[in-house]
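J.: how would this look folded up:
(4 chains)
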Protein chains: 2
Amino acid sequence: MNQYIQPSASTASSRIYDTLRKDLVNGRFAAGEKLAINALKDQYQVGLSPLREALNKLAAYGLLLQENQRGFRVPTLSHRELDDIAQTRLSLEGMAFEQAIAHGDAAWEAELLAAEHRLKCADMTLDKDDEWERLHTQFHRTLVAPCGSVWLLRFIEQLHDQFDRYRRLGPKMPVIRQELDQQHHELVELALKRDVKAARKLLDEHIRKSYDVALQRFTQHGEGAPNKR
Amino acid sequence: MNQYIQPSASTASSRIYDTLRKDLVNGRFAAGEKLAINALKDQYQVGLSPLREALNKLAAYGLLLQENQRGFRVPTLSHRELDDIAQTRLSLEGMAFEQAIAHGDAAWEAELLAAEHRLKCADMTLDKDDEWERLHTQFHRTLVAPCGSVWLLRFIEQLHDQFDRYRRLGPKMPVIRQELDQQHHELVELALKRDVKAARKLLDEHIRKSYDVALQRFTQHGEGAPNKR
DNA sequence: GCCAGATAAATAATCGATTTTTTTAAATAT
DNA sequence: ATATTTAAAAAAATCGATTATTTATCTGGC
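T.: Numbering: from 1, shown residues only, chains lettered A, B, ... in the order given. Coordinates of the predicted model:
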């Protein structure tokens, strides 16, 4: 009797998973922080069982650390790990982009243009970044979507979340933001022209520029981990 | 007062996770099968909560599919996905192996020799494959260990599990097994010689040969999914 | 005979309470 | 004062039962 078929009817567990994932990527929790499950339960108004199931999934996904008999904690941040994430993202996303350019069809081209336009518009009209972030993720997802490998896409998605955890802590830099937006446009152009070499090169630069922003967080406050606790 | 520090004291949840992961990779459950949680609970003698937490983790890891309100099922097998897994493994493991050869030190060389020797011995003395499989996984892990990227290693591990899910269904082929063992030896030799080009090429061949074995399962029974239900 | 709707059975998800383990605090001895 | 043991508090993990949802079965109308 459902009016519309639900893609996957939500459960308390899946809802709290989505919420926590977003909050973790957005840096709502301090790096290294131990999660107080009971507090979370009250904060998010959710039962213990669904909460624990979500935390388990997040740990398997890499957004939490789990230590037997002593719960969950937020992974610390380190210059070294940021390098790893950025470098791996460079490799995998670059690889996927090349494949996508080789295989993407007309529908993909249309999606690319649409995604870039949506992103550009959001940038102008909205003030709070939430929607922009969503569209930004969606844009990069579209770039590599027709690469042909489900597993590669899965890993890229995971790396994106990891990368964003660092990037969103970085300072707001309107100038660089504008440059990044410009690159988004050029990425689409090169993809449409099927210029694999140039496209890959630009994607590399794009990620590196983003990396520079994220890195500020570390060079500013000295080496090590800028954790609260 | 613990005599030895436990690396991470086991919990019911972590134990059932390990067990199920192994059983899933070993094809103990039919592809596409819906998991009857209550039956599992009795079979494995474990409570509902730890079991569900383990299933949630396995779903996030990619060894199970989770659909809200209708539980968990074992992913189906397909020629197409095997191709994807093999190809992605080829890319990532190849990349990691090259890096490992570039960065691996003397300790790594020692570990390599040790791992290959252990594998060779297990092959001769033991009849049941369980220990061989463990050592085989360990050998490949060692090959790429010093690649420098935690995330790459993580993905490779995941792909290995996925690949093995297919490989272990394939027929026993002693001749090919012997060829694969020979390649293990040669991989170590090339790694020690730091011959990146040749090493990568051989690893490619090695994975491809393994892939051929796994593929039998599909070409034998015709295209599609060789599922029970 | 076949389909829509209602009912019953089975299964998934969640809750509330209990048990186990770790962490913190206090007490005692060196 | 410092270290070691003991006791108390807090937190994590697990259990047993309840609730919600899906799946299977039945019924009457066409």
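
J.: Next one: stretch A:54-65, is it in contact with chain B?
T.: Yes. Using Cβ under 8 Å from any Cβ of the partner chain, stretch A:54-65 reaches chain B at A:54, A:56-62. Using the backbone N, CA and C atoms, a C-beta is placed for each residue, glycine as well.

J.: Over to stretch A:34-41?
T.: No. Judged by Cβ under 8 Å from any Cβ, stretch A:34-41 makes no contact with chain B; its nearest approach is 12.7 Å.

J.: when you scan that stretch, is anything in it near DNA strand C?
T.: No. Using Cβ under 7 Å from any atom of the strand, stretch A:34-41 stays clear of DNA strand C, coming no nearer than 8.6 Å.

J.: Check the offset of that stretch from the chain's centre.
T.: How far stretch A:34-41 lies from its chain's middle: 24 Å, per Cα atoms, centre = their mean, to the nearest Å.

J.: That stretch vs DNA strand D: in contact?
T.: Yes. Judged by Cβ under 7 Å from any atom of the strand, stretch A:34-41 and DNA strand D are in contact via A:34-38.

J.: Buried ones in that stretch, by neighbour count?
T.: Going by neighbour count (16 or more other Cβ atoms under 10 Å in any protein chain shown), the buried part of stretch A:34-41 is A:35, A:40-41.

J.: Alpha carbons only: can I get that stretch in CSV?
T.: Provided in CSV are the C-alpha atoms of stretch A:34-41 (Å, rounded to 0.1, in the frame of the first residue of the first chain):
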residue,chain,number,x,y,z
LYS,A,34,36.6,8.5,22.7
LEU,A,35,32.9,8.1,21.9
ALA,A,36,30.7,7.9,24.9
ILE,A,37,28.0,5.6,23.7
ASN,A,38,25.5,6.5,26.3
ALA,A,39,25.9,10.2,25.6
LEU,A,40,25.5,9.6,21.9
LYS,A,41,22.4,7.6,22.6
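
J.: element containing residue A:29, please.
T.: For residue A:29, there is no enclosing helix or strand under DSSP states H and E.

J.: residues in contact with it?
T.: For residue A:29, the contact set (Cβ atoms under 8 Å, 6 or more residues apart in numbering or on different chains) comprises A:23, A:35, A:74.

J.: same check, this time on residue A:99
T.: Going by Cβ under 8 Å, 6+ apart, residue A:99 touches A:144, A:146-149, A:152.

J.: Am I right that it sits in a strand?
T.: No. Counting by DSSP: H, G, I helix; E, B strand; the rest coil, residue A:99 falls outside a strand, being helix.

J.: Dihedrals phi and psi, residue A:34?
T.: Here is the backbone geometry of residue A:34 (degrees, to the nearest 10): phi -80, psi 130.

J.: quick one on the thing from earlier: restricted to helices, list the contacts of residue A:29.
T.: residue A:23 (DSSP state H).

J.: returning to what we had before: from the residues of stretch A:34-41 next to DNA strand D, which is closest to DNA strand C?
T.: For the residues of stretch A:34-41 next to DNA strand D, the residue nearest DNA strand C by Cβ to the nearest atom of the strand is residue A:34; the value is 8.9 Å.

J.: if we can go back for a sec, return the member of the contacts of residue A:29 nearest to residue A:179.
T.: Nearest to residue A:179 among the contacts of residue A:29, counting by Cβ to Cβ, is residue A:23 at 28.5 Å.

J.: DNA strand C versus that closest one, what's the distance?
T.: Per Cβ to the nearest atom of the strand, to the nearest Å, residue A:23 is found 18 Å from DNA strand C.

J.: Find the nearest non-adjacent residue to that residue, please.
T.: Distances taken as Cβ to Cβ, 6 or more residues apart in numbering or on different chains place residue A:29 nearest to residue A:23, at 6.7 Å, with adjacent residues excluded.

J.: tell me the SS of the closest residue to chain B within chain A?
T.: Residue nearest to chain B within chain A: residue A:60 (3.6 Å; Cβ to the nearest Cβ). Secondary structure state of residue A:60, per three-state DSSP, is helix.

J.: For it, give me its contacts.
T.: When contacts are counted by Cβ under 8 Å, 6+ apart, residue A:60 touches B:56-58, B:60-61.

J.: now do residue A:157
T.: The contact partners of residue A:157, taken as Cβ under 8 Å, 6+ apart, are residue A:141.

J.: picking up where we left off before, please report which of the contacts of residue A:99 has the highest neighbour count.
T.: With neighbours taken as other Cβ atoms under 10 Å in any protein chain shown, the top of the contacts of residue A:99 is residue A:144, carrying 25 neighbours.

J.: Excluding chain neighbours, what is closest to it?
T.: Distances taken as Cβ to Cβ, 6+ apart put residue A:96 closest to residue A:144, at 3.9 Å, once the chain neighbours are dropped.

J.: Now do the one helix or strand residue A:176 maps to: which elements does it pack against?
T.: Assigned by DSSP H and E, residue A:176 belongs to helix A:174-192. If you count contacts as 3 or more Cβ pairs under 8 Å, 6 or more residues apart in numbering or on different chains; DSSP states H and E, helix A:174-192 packs onto helix A:79-103, helix A:106-125, helix A:129-144, helix A:196-220.

J.: For the residue in chain A that DNA strand C sits nearest to, which non-adjacent residue is closest in space?
T.: Closest approach between chain A and DNA strand C, counting by Cβ to the nearest atom of the strand: residue A:47, at 1.6 Å. Distances taken as Cβ to Cβ, 6+ apart place residue A:12 nearest to residue A:47, at 6.4 Å, with adjacent residues excluded.

J.: Check the contact between that neighbour and residue A:50; I expect there is one.
T.: Yes. Contact criterion Cβ atoms under 8 Å: residue A:12 and residue A:50 qualify, at 3.9 Å.

J.: The two - which one has more neighbours?
T.: residue A:50 (20 against 16).

J.: Find the closest residue to DNA strand D in chain A.
T.: Using Cβ to the nearest atom of the strand, the single residue of chain A nearest to DNA strand D is residue A:71, 2.9 Å away.

J.: State the number of residues packed around that residue.
T.: With neighbours defined by other Cβ under 10 Å, the count for residue A:71 comes to 15.

J.: now residue A:130
T.: When neighbours are counted by other Cβ under 10 Å, residue A:130 registers 12.

J.: Which residues are in contact with it?
T.: Contacts for residue A:130 (Cβ under 8 Å, 6+ apart) come out as none.

J.: Would you report the backbone torsion angles of residue A:172?
T.: phi -70, psi 120.

J.: interface residues of chain A facing chain B?
T.: Within chain A, the positions adjacent to chain B are A:8-11, A:13-14, A:49, A:52-54, A:56-62, A:67-69, A:81, A:84-85, A:87-88, A:91-92, A:95, A:148-152, A:154-155, A:159, A:162 by Cβ under 8 Å from any Cβ.

J.: now these: which count as buried?
T.: Of the residues of chain A next to chain B, these count as buried by 16+ other Cβ under 10 Å: A:13-14, A:52-54, A:56-62, A:81, A:84-85, A:87-88, A:91-92, A:95, A:148-149, A:151-152, A:155, A:159, A:162.

J.: didn't residue A:205 look like it was pressed against residue A:186?
T.: No. Residue A:205 lies out of contact with residue A:186 (Cβ under 8 Å); the separation is 9.7 Å.
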